[in-house]
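Chemist: Below are the sequence and a predicted model for it; my questions follow.
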Amino acid sequence: MDKIIAACGNDCSACPRYIALPYEKTDEDLRHTAELWLKIGYRDRIVSNEEISCIGCRPENWCRYRVVKCCGDRGIRNCSECSEYPCDNMKECFAVTKSFGPKCKEVCTDEEYAQLKKAFFEKEENLQAERGKNDL
């Protein structure tokens, strides 16, 4: 299936939290993701399936880097469409995301790591690819 690029460049179609059709997850899938988030250090406890699940970027969703709000304010889908890309905020977002890589490699199975890499660790590449499409 095609990638679904979030405001920050995450690939929602690969994300273990993304539950929008046709990417539905079972309760077991979501519980595994909540456990994985604790193991990685993304959360300080195992959260509910409701809390771990996501249907994509929405203004009401919490976003550590306020990327969803920024894109909404600018009337753009994601940061690739911004004339200020990559701004300092996104550079920090990329750096913090990459900082989780070693921990993920340490505690994840190869399959889990591959999924997280595709979903999160390739956000900068995803935005660059989107930017290339916009330049056409």
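Modeler: That came through fine.

Chemist: Quick one: the helices in this protein, in order.
Modeler: 27-40, 49-52, 67-74, 88-99, 101-107, 110-116, 123-135 (DSSP state H).

Chemist: Dump the ones you listed to CSV, plus mean neighbour count.
Modeler: No exception for glycine: its C-beta is placed from N, CA and C like everyone else's. Output for those, formatted as CSV (neighbours: other CB atoms under 10 Å):
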stretch, mean neighbour count
helix 27-40, 17
helix 49-52, 15
helix 67-74, 17
helix 88-99, 14
helix 101-107, 13
helix 110-116, 15
helix 123-135, 16
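
Chemist: Read off the pLDDT value for Ala14.
Modeler: pLDDT, Ala14: 95.

Chemist: ok, it touching Lys123?
Modeler: No - using CB atoms under 8 Å as the test, Ala14 is too far from Lys123 to be in contact (11.0 Å).

Chemist: rewinding a little: quick one: the helices of the chain as TSV, columns for distance to Asn61 too.
Modeler: What follows is these, written out as TSV (distance: least, CB to CB, whole Å):
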stretch	distance to Asn61
helix 27-40	16
helix 49-52	11
helix 67-74	6
helix 88-99	15
helix 101-107	22
helix 110-116	19
helix 123-135	16
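
Chemist: I'd like to know which of those helices has the weakest mean confidence.
Modeler: helix 123-135 (a mean of 88).

Chemist: which residues are contacting that one?
Modeler: 3, 5-6, 8-11, 78-81, 85-86, 90, 93-94, 97 (CB atoms under 8 Å, 6 or more residues apart in numbering).

Chemist: for stretch 97-115, same thing?
Modeler: 14, 16, 36, 39-42, 116-117, 120-121, 123.
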